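What follows is a protein structure lacking sequence information:
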């Protein structure tokens, strides 16, 4: 072996999206013949790092080399030609095409001579047999189960015999049998010299398969641990950075009577039904790695998504089912996650944006009473210490944090008893975040019941009375205030409960 | 929690009024540029043909403008919502048929003919709006198909009779010699102006108008803000149908008769009036005032073109180029780009 490092080496890689620094200092050395796990919670820079390796993004700074040669992939296809194959979490298959065609999808260009069909069949059969058991090659992919389609996506990467194989949460949809077969195949490929990067939200899988683990936190590589030194506690500590929350944690108020209840809510076919209760004065946090059902759950609570089970608002006159329409009368307000797509009317003014759901309260002789709207807006602007030029300015002139405050004011103006917030501090600066926490604390003191979904663990630890952690479309753990810490939440993300219960 | 706990209603801090920002907001709100274009075109016309500055010609220009503005009224609403109503020629043809063959030949009372037009065209429009919303289909496709079917049905009903004329009661509404409460211009001009005032109040001063605008600006957010978007879509397309049908009645009344293709020019020039006026697809800035100015601009422009001895064919070329120019100008706005 010469002095050149072999395998895929990323050093000092950074990437910025607008004001967000997704990756600040990413280091990763993926050696040939090893199974290397990349760990990190939401927003740690994991996906960005994977996308840089896979040619989806180009780094702003830092170097990426493969066997000592700089890699400048401009597209996933270019990365593939260099021998870097990525299997993403999303199961992407062309449903109307056959299994065989799906395996070779995108591999023959218009001018490139395709491999003879017989050879294609042989290779595809060989790979599929190893990772998915027997799969008929001529069946349309749409007729396969989710697990089989996931295997198909992995086979698509394997038939290209990559030097570097990246499995980004690709085991999420696999059944146990297929996963075991995949692990055997991964070990075989590693023994042949393939470098494998593995990403999973299951700590048991990580512990089972990894030769080495690299941990990312807030866009930086914080540690690279050899198998011999591997311990789950150590990994969780590395992921959270052991922050001190004693000074910033909110003290819960004494909860009042029950105001919202969900009964037997099913988030996906076959997942465990969820029973949920919200009491007045409570702040309940919803957590989980992206895509584990917490987003659907809060939409179910808001009556926006259909599904098994029912959500009822508990009123003095008896329970009433929450629907998309009756939120105003039941006193349930929902602040959506995507500010631009789901909340803002960008060309409309600040005040118009504020008043939309409450227009019916400001009518005089059939016309809008702009003086009364202005008065109500002033009151809420003061309450939330909103900073703006004039209320006539377009809402797009405000900063993200102030826009979010206007939207919060919009829903507070509907006089809700139940406030459902879907990632309310996304893209909000730290100062405004603190202000929003203080506002939520004050609101809960007046008896409002609040549910906050957040992708930031620190936020939940500071804010929530209790936290529900979602895994695989079900509640994996409910962490009470006494047991709440970044470690306990992150441990539950990765399927470790003992920590929580102790 | 009650609103009292959240509404301490303190004395609001005195904010610095910024004259420049206010002026800019005003300039965006008020179609100043459009007014200037109209004035410039009018000046050009008067300079080129001084003889045109007589009451008769002015009335004629205003009546033609009114017909166009009336035909473009529903289209304005649909464009603000972010769609296009290609069924307009069908509605106009049906309205003309009702005016000429039903009210004229069959001597049905004009009020009944108008009501029939509103019900049929409004009903078809409502169905279009509901279908587009319910099944998330492009209004372009649905209106094109429905418009063709309505045109065919109308021609079938007419059974080859295109020689009837609307009754005198309808004709006097749009006749150049008509008077409005003794004033020397036909009622159509007053009707369109009143419509303009009504639309302004609806769009700017009512809760329904605000919700309608919001639905056009951001459909998903409108739903999540508890606006009944299905009702908005149904009513807007119904209004578009009914208004185009009424425009058809007036167009037939003005021309004292109708033909198979009476509605066709109004699809293009109606849409042109909306766009030249500055209403952008799915925008808060859209208003009917702008469409009125757009209709006036186009009428003045075509008068200039015709007075310069250019043919109908040549004037269409010029209109087409103007539309392309206007749309490419607005196309620079992010909001419009996102839609297509």
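Arrived safely. These numbers come from a predicted model, not from an experiment.

so residue A:340 touches residue A:346, yeah?
Yes - assessed by C-beta atoms under 8 Å, residue A:340 is found in contact with residue A:346 at 7.2 Å. Using the backbone N, CA and C atoms, a C-beta is placed for each residue, glycine as well.

show me the contacts for the residue in the stretch 101-250 of chain B that chain A sits nearest to.
Residue nearest to chain A within the stretch 101-250 of chain B (C-beta to the nearest C-beta): residue B:207, separated by 3.9 Å. Counting by C-beta atoms under 8 Å, 6 or more residues apart in numbering or on different chains, residue B:207 touches A:359-360, A:362-363, A:368.

okay, now the domains of chain A?
Using automatic domain parsing, the domain parsing of chain A gives A:8-240, A:245-331+A:416-502, A:345-415.

Nearest residue to residue A:39 in space, please, no chain neighbours.
Nearest non-adjacent residue to residue A:39, counting by C-beta to C-beta, 6 or more residues apart in numbering or on different chains: residue A:215, 4.9 Å away.

What is the neighbour count of the closest residue to chain B within the stretch 1-150 of chain A?
Using C-beta to the nearest C-beta, the closest approach of the stretch 1-150 of chain A to chain B is made by residue A:18 at 14.9 Å. Using other C-beta atoms under 10 Å in any protein chain shown, residue A:18 is surrounded by 8 other residues.

shaky segments in the chain?
Chain wasn't specified; assuming chain A. For chain A, residues meeting the criterion pLDDT under 70 lie at A:1-4, A:19, A:108-114, A:498-502.

my bad, the chain I had in mind was chain B
Counting by pLDDT under 70, the low-confidence segments of chain B come to B:1-18, B:20-29, B:281-285, B:329-340.

what about 50?
Per-residue confidence for chain B (pLDDT under 50) gives these ranges: B:1-16, B:334-340.

State which helix of it is the longest.
For chain B, the helix with the greatest residue count under DSSP state H is helix B:229-255.

Buried residues, that helix. List them.
B:229, B:231-255 (16 or more other C-beta atoms under 10 Å in any protein chain shown).

what residues are up against the residue of chain A at minimum distance from chain B?
Closest to chain B within chain A is residue A:359: 3.9 Å, counting by C-beta to the nearest C-beta. The neighbourhood of residue A:359, defined by C-beta under 8 Å, 6+ apart, consists of A:368, B:207, B:210-211.

tell me how far the ends of stretch A:340-350 are from each other?
Start and end residues of stretch A:340-350 are separated by 14 Å (C-alpha to C-alpha, to the nearest Å).

Could you find the closest non-adjacent residue to the residue nearest to the spatial centre of chain A?
For chain A, the residue sitting closest to the mean C-alpha position, by C-alpha atoms, centre = their mean, is residue A:290 at 1.8 Å. Once flanking residues are discounted, residue A:290 sits nearest to residue A:42: 6.1 Å by C-beta to C-beta, 6+ apart.

How is the one you found classified with respect to secondary structure?
Three-state call for residue A:42 (DSSP: H, G, I helix; E, B strand; the rest coil): coil.

Can you point out the helix or strand that includes residue A:276?
If you go by DSSP states H and E, residue A:276 is part of strand A:274-279.

hmm, who's touching whatever helix or strand comes next after that strand?
Downstream of strand A:274-279, the first helix or strand assigned by DSSP H and E is strand A:283-288. Strand A:283-288 is contacted by residues A:250, A:252, A:278, A:294, A:297-298, A:440-441, A:444, A:449-454, A:457, A:460, A:463-471, A:476, A:489, A:492-493 when judged by C-beta under 8 Å, 6+ apart.

got it, and stretch B:126-139?
For stretch B:126-139, using C-beta under 8 Å, 6+ apart, the contacting residues are B:78, B:83-85, B:87, B:142-143, B:146, B:229-230, B:233-238, B:241.

go again using 7 Å as the cut-off
Stretch B:126-139 is contacted by residues B:83-85, B:87, B:142-143, B:146, B:229-230, B:233-234, B:236-238 when judged by C-beta atoms under 7 Å, 6 or more residues apart in numbering or on different chains.

interface residues of the stretch 101-250 of chain B facing chain A?
For the stretch 101-250 of chain B, the residues in contact with chain A (C-beta under 7 Å from any C-beta of the partner chain) are B:205-207, B:210-211, B:214, B:217-218, B:220-221, B:224-226.

Could you tell me which of these count as buried?
Among these, the ones that count as buried (16+ other C-beta under 10 Å) are B:206-207, B:210-211, B:214, B:217-218, B:221, B:224-226.

thinking again about what came up before, so which of the contacts of residue B:207 is the most crowded?
When neighbours are counted by other C-beta under 10 Å, residue A:359 leads the contacts of residue B:207 with 21 neighbours.

just checking, it is part of a helix?
Yes - according to three-state DSSP, residue A:359 belongs to a helix.

The stretch 151-300 of chain A: helices as residue ranges?
Taking DSSP state H, counting those that start in this stretch as the criterion, the stretch 151-300 of chain A contains helices spanning A:176-191, A:203-209, A:232-240, A:294-301.

Please apply the same query to the stretch 101-250 of chain B.
For the stretch 101-250 of chain B, helices defined by DSSP H, counting those that start in this stretch occupy the ranges B:110-134, B:139-158, B:168-174, B:187-205, B:207-217, B:219-224, B:229-255.

So which of those helices is nearest residue B:73?
Distance to residue B:73, taken as C-beta to C-beta, is lowest for helix B:229-255 among the helices of the stretch 101-250 of chain B, at 4.6 Å.

Pull the most distant pair out of the buried ones among the residues of the stretch 101-250 of chain B next to chain A.
For these, the maximum inter-member distance is 21.7 Å, found between B:206 and B:224 (C-beta to C-beta).

Can you report how many residues lie near the closest residue to residue A:454 other than its chain neighbours?
Closest residue in space to residue A:454, ignoring its immediate chain neighbours: residue A:460 at 5.2 Å, by C-beta to C-beta, 6+ apart. Other residues near residue A:460 come to 25 when the count uses other C-beta under 10 Å.
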